[in-house]
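In: Predicted model and sequence follow; I will ask about them next.
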Amino acid sequence: MILHIDMDAFFASVEQRDNPELRNKPVVICSDTQRAVVSTASYEARRFGIHSAMPLFQARQRCRHLVVVPVDMEKYARVSRQIMAVISGFSPLVEPVSIDEAYADVTGCKTLFGPPEAIAMQIKQKILTDLSLTCSIGIAPVKFLAKIASDMHKPDGLTHISKEQMPAVLKELPIEKIPGVGNRAMKQMGVLNIRTLGDVQRFDAQFLSRKLGKFGARLFQLSCGIDASRVQPRALRKSISSETTLAADISDFHEAKDILLAHSRRVGRDLRKKNLVCRSVSIKITFSDFTRITRSRKIDEPICSGEAIFHLALSLFEQVPLKKRIRLLGVGVSHLQSADAPVQMALIPPAGHRRKKQWETVDRAVDSIFEKFGRDMVAPAVLKPLTAKPLAKGGKMTQSMKVLISGKVQGVFFRMETLKAAQKIGVTGYVRNRADRSVEAVFQGTPDQVAQMEKWCHTGAPASRVDRVVTEDMPSAPDFSAFEIRY
Ligand code: DCP
Ligand code: MG
């Protein structure tokens, strides 16, 4: 089944929504040119016979107290994107056809959202509650009829033409209602005395093709209720990647890891900005002798967090024998899909699902900080220059302690905050997430510094919840030269 969604008096409704003084008044949205024509008229203005494409002076003649509002295309485009996002939440097959209309094929969406009529009602409701706008929806087994149906009970209409009702509707359907009928075709059909699609059935397909060309053949098919056109979602971008040719070739694994992390985060950010998720991650390495390799891995559950991308990229990287120095390093994602596309949720979420969602939440929070304050405010801790003070040495006793922190502690922020605290207090060591959802940290410094860090662990980062802290002395720990986040 196909839905056709069309907003009611779109530009005018948006302006009436945003400016209460315009409500219930005859309003036209009009370009500000000398020979201005009406873009659209509010339903109040339509009662005076005012419609799209009418010259403004004529509209004024018809209604003396007409309110004229200038076009704000940027705003309508923004609202349009919000509308399309709502519709895409109900079907992966959405085809936007103009700024205020779209087709959605809901054939496969019954289990998730119910029958087509229920889906249409949910879309109408969500557009109304989220965007304070009304739309009209047509439901039919084929595209052209869905479009005709959406226009049948405007504004705020919902019209369902079932398979059974189709022959009767087609029989009575005036041919001027068919999208794409030009003036010439109309004239010729007048000559043939064709006024409805039912009349078309009096002729055969060859005759109509001869008289009306390609359109004649289509007209005959439509009169039989056949419309081969499918809902075609706009082609998504196929992949997103980030790569750099390094200033100097590198061979250090940890250095390469940091670069992979930076690329992964950039790609993740790009995905989220475009409201996409990916199901495949790849890495690209060019060695100093210009030989190049790529490795990729597909995953079942779509991801968009930089950290999830990084983990896959790193696991691919770890499998590459590093015999030569690296000249270029890159991370890419593909098998992209809209983040709004409904996914079949598993009854029992796969292991790590919650953790993945937490990363995404953190990433989205970081994205908004980026947008508000600019790029330099937040960066993954390992990418920030380390400012830890030199380790307490020269006669002073150093102590090493391993700490296991459990509770709601996993996520980038917890580790970043631990790193910040460690740098402030001046300890060295590391912090990392463990597979069992606890955080492991090793602190090295004077007993006083280590004690301060241990105390810090009991409170932890804001928005975390520390349930348990277990400490263990590490008398034979190696010397750490800085504090770092480990993966
Ligand atoms: N539009 C325009 N010029 C036209 C026709 C339309 O600028 N000649 C713009 C203004 C409309 C928007 O496109 O608001 C959507 O066009 P529609 O044909 O869907 O008309 P409306 O949404 O305004 O009204 P309706 O309730 O009839 O759909
Ligand atoms: Mg409309």
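Out: Sure, I can see it. Ligands and ions are numbered 1, 2, ... in the order given.

In: How about the residues of the stretch 101-250 of the chain by ligand 2?
Out: Counting by Cβ under 5 Å from the ion, the stretch 101-250 of the chain comes close to ligand 2 at no residue. (Each C-beta comes from the backbone N, C-alpha and C, glycine too.)

In: what ranges of the stretch 101-250 of the chain fall below the confidence cut-off?
Out: Applying pLDDT under 70 to the stretch 101-250 of the chain flags residues 235-237.

In: In it, what residue comes closest to ligand 1?
Out: Lys154 (5.1 Å; Cβ to the nearest ligand atom).

In: can you pull the contacts of that residue?
Out: By Cβ atoms under 8 Å, 6 or more residues apart in numbering, the contact list for Lys154 reads 6, 8, 136.

In: backbone phi and psi for the spatially closest residue to the second one that is not a sequence neighbour, please?
Out: Which is Asp8. The shortest distance from Asp8 to any non-neighbouring residue, by Cβ to Cβ, 6 or more residues apart in numbering, is to Pro155 (3.6 Å). Main-chain torsions, Pro155, degrees, to the nearest 10: phi -90, psi 170.

In: Near Pro155, how many other residues are there?
Out: Residue crowding around Pro155 was assessed by other Cβ atoms under 10 Å; the count is 14.

In: who touches it in this structure?
Out: By Cβ under 8 Å, 6+ apart, the neighbours of Pro155 are 8-9, 43, 134, 136.

In: And it, how far from Ile161?
Out: Distance from Pro155 to Ile161, counting by Cβ to Cβ, to the nearest Å: 19 Å.

In: same deal with Gln221?
Out: 17 Å.

In: So if I had to pick from those two, which one is more boxed in?
Out: Set side by side, Gln221 and Ile161 show more neighbours around Ile161, with 22 against 17, by other Cβ under 10 Å.

In: so what's that one up against?
Out: Ile161 sits next to 138-141, 145-146, 149, 169 when contact means Cβ under 8 Å, 6+ apart.

In: Check the spacing between the residue nearest in space to the middle of the chain and ligand 2 real quick.
Out: Centroid-nearest residue in the chain, with Cα atoms, centre = their mean: Asn275, separated by 1.9 Å. Distance of Asn275 to ligand 2, computed by Cβ to the ion, to the nearest Å: 24 Å.

In: Report the spatially nearest residue to that residue, omitting neighbours in sequence.
Out: The nearest residue in space to Asn275 (Cβ to Cβ, 6+ apart) is Ala339, at 4.8 Å.

In: Tally up the residues packed near the one you found, please.
Out: 18.

In: okay, now Val191: neighbour count?
Out: 8.

In: Next: Ser132.
Out: For Ser132, using other Cβ under 10 Å, the count is 12.

In: For ligand 2, see how far away it is.
Out: The value you get for Ser132 to ligand 2, if Cβ to the ion is used, is 16 Å.

In: same check, this time on Asp199
Out: 29 Å.

In: can you check Thr40 too?
Out: Thr40 sits at a distance of 8 Å from ligand 2 (criterion: Cβ to the ion).

In: Same check on Ile123?
Out: Distance of Ile123 to ligand 2, computed by Cβ to the ion: 15 Å.

In: of the contacts of Lys154, list those near ligand 1.
Out: Filtering those for neighbours of ligand 1 using Cβ under 6 Å from any ligand atom leaves 6, 8.

In: these two touch, right, Lys126 and Ile87?
Out: No - counting by Cβ atoms under 8 Å, Lys126 sits too far from Ile87 to count as a contact (9.0 Å).

In: which one of those two has more residues nearby?
Out: Per other Cβ under 10 Å, whichever of Lys126 and Ile87 has more neighbours is Ile87, with 24 against 15.

In: how many neighbours does Leu404 have?
Out: Counted by other Cβ under 10 Å, the residues lying close to Leu404 total 16.

In: rewinding a little: just give me the closest of the contacts of Lys154 to Ile259.
Out: Each of these was checked against Ile259 using Cβ to Cβ; the closest is Asp6, at 48.8 Å.

In: Assign that closest one to helix, strand or coil.
Out: Classification of Asp6 using DSSP: H, G, I helix; E, B strand; the rest coil returns strand.
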